[in-house]
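**Q** model this:
(one chain, ligands or ions: 1)
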Amino acid sequence: MQKPRKELPSKYFYNERGSRLFEQICLLDEYYLTRTELYIMQKWVQEMVSLLGPNCLLIEYGSGNSAKIRLLLDTLQTPAGYVPIDISKEHLARAGTALASEYPGLEVLPVCADYTSAFEIPTPGKTVARRIAYYPGSTFGNFNPEPARNFLKQIAMVCQGGGLLIGVDLKKDATLLHRAYNDWQGVTEQFNKNLLIRINQELGSNFQLGQFGHYAFYNPTEGRVEMHLVSLKNQTVRIGEVEIAFALGESIWTESSYKYTLEEFASLAATAGLTVEHVWTDPQQFFSVQYLAVRNE
Ligand code: AVJ
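**A** Next up, the predicted model:
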């Protein structure tokens, strides 16, 4: 009998410690994504803002500590409001209060939701010229192809006549990708293994961290970096009443990070009714920030 493949959804990385480890990853030399996106945003924000236009309602998917939105808020002339969406109530509350005092004229309308399921977009007091979804950081890369298309379709429904500003990581030399997900200090390894710590704490299991290895590699056929936790021996782990057997070398698949060519992303977006209007990249074409327009149906 074939054993089912072991998998854990990557959204579970982000408890308190996991979020902190991810912030550390963003500062690593090997992790080119964050600083490259920031470079692109800082360099072209004026141009981006003129495409977004005046009086738009900014809707940020997975706003976290709302660090990235400030650049847009500083540059936009008259945003109709800001809607941060996040699964963490604590994040939303903290970020909402800080933003409200930094931007006195700005209406902040936080939504606590898992943005992959349905939720309502609140209506601000000011008139909204168009809705703009903001989805930075290449978080989009975590979606498998079908959910990716569905997510874009949902954006197309929510932002009719408006658009999407999104950070998309690009296909590149596999060695660079390998380094980005296998940093020498082992922060990514800790981030990956934090899942086991979390399961131990929250589900009372007995995973031994030393008996699992961090394994991340670029899968060129699927166009994605895969992260796994590989069992370093034949072993049995108990989660509550349930015993789970691991063979030596068997893995728990913890994350996929899809990488796109500009053409691949544009045609995926087109199947969801979105048109790429502008692409900004760094000189090495490592990363892209893209503005996509949503038709007015
Ligand atoms: C937050 C999903 C963009 O896939 O690069 C970083 C998460 N995983 N190192 C990514 C992550 C391993 C990150 N995203």
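**Q** how much space between Glu255 and Lys11?
**A** 10 Å (C-beta to C-beta, to the nearest Å). For the C-beta atoms, the positions are set from N, CA and C on the backbone; glycine is no exception.
**Q** bridged to Asp169, which residues?
**A** Counting by DSSP bridges, Asp169 is bridged to Phe287.
**Q** so between Glu255 and Lys11, which is more surrounded?
**A** Using other C-beta atoms under 10 Å as the criterion, Glu255 and Lys11 rank with Glu255 on top: 22 against 13.
**Q** and the closest residue to the ligand within the chain, which of the three is it?
**A** Proximity of the chain to the ligand (C-beta to the nearest ligand atom) peaks at Ser257, 3.4 Å away. Here Ser257 is recorded as strand under DSSP: H, G, I helix; E, B strand; the rest coil.
**Q** and the stretch 101-250 of the chain, which of its residues are near the ligand?
**A** Near the ligand, the residues belonging to the stretch 101-250 of the chain are Gly137, Ser138, Thr139, Gly141, Asn142, Tyr181, Thr188, Phe191 when assessed by C-beta under 6 Å from any ligand atom.
**Q** just the ones of those in helices?
**A** Under the assignment DSSP state H, those contribute Thr188, Phe191 to helices.
**Q** on that earlier part again, report pLDDT for the residue of the chain closest to the ligand.
**A** For Ser257, the pLDDT comes out at 98.
**Q** check Ala98 too.
**A** Listed pLDDT for Ala98 reads 92.
**Q** CA atoms of the worst-scoring helix or strand of the chain on mean pLDDT as PDB?
**A** Using mean pLDDT, DSSP states H and E, helix 89-102 stands out as the lowest-scoring helix or strand of the chain, at a mean of 89. Only the C-alpha atoms of helix 89-102 are listed here, as PDB (Å, rounded to 0.1, in the frame of the first residue of the first chain):
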ATOM      1  CA  LYS A  89      -5.900  40.200  15.700                       C
ATOM      2  CA  GLU A  90      -2.800  41.400  17.700                       C
ATOM      3  CA  HIS A  91      -1.000  42.500  14.600                       C
ATOM      4  CA  LEU A  92      -4.000  44.300  13.200                       C
ATOM      5  CA  ALA A  93      -4.700  46.100  16.500                       C
ATOM      6  CA  ARG A  94      -1.100  47.200  17.000                       C
ATOM      7  CA  ALA A  95      -0.600  48.300  13.400                       C
ATOM      8  CA  GLY A  96      -4.000  50.000  13.200                       C
ATOM      9  CA  THR A  97      -3.300  52.200  16.200                       C
ATOM     10  CA  ALA A  98       0.100  53.200  15.000                       C
ATOM     11  CA  LEU A  99      -1.000  54.100  11.500                       C
ATOM     12  CA  ALA A 100      -4.000  56.100  12.800                       C
ATOM     13  CA  SER A 101      -1.800  58.400  14.800                       C
ATOM     14  CA  GLU A 102       0.900  58.700  12.000                       C
END
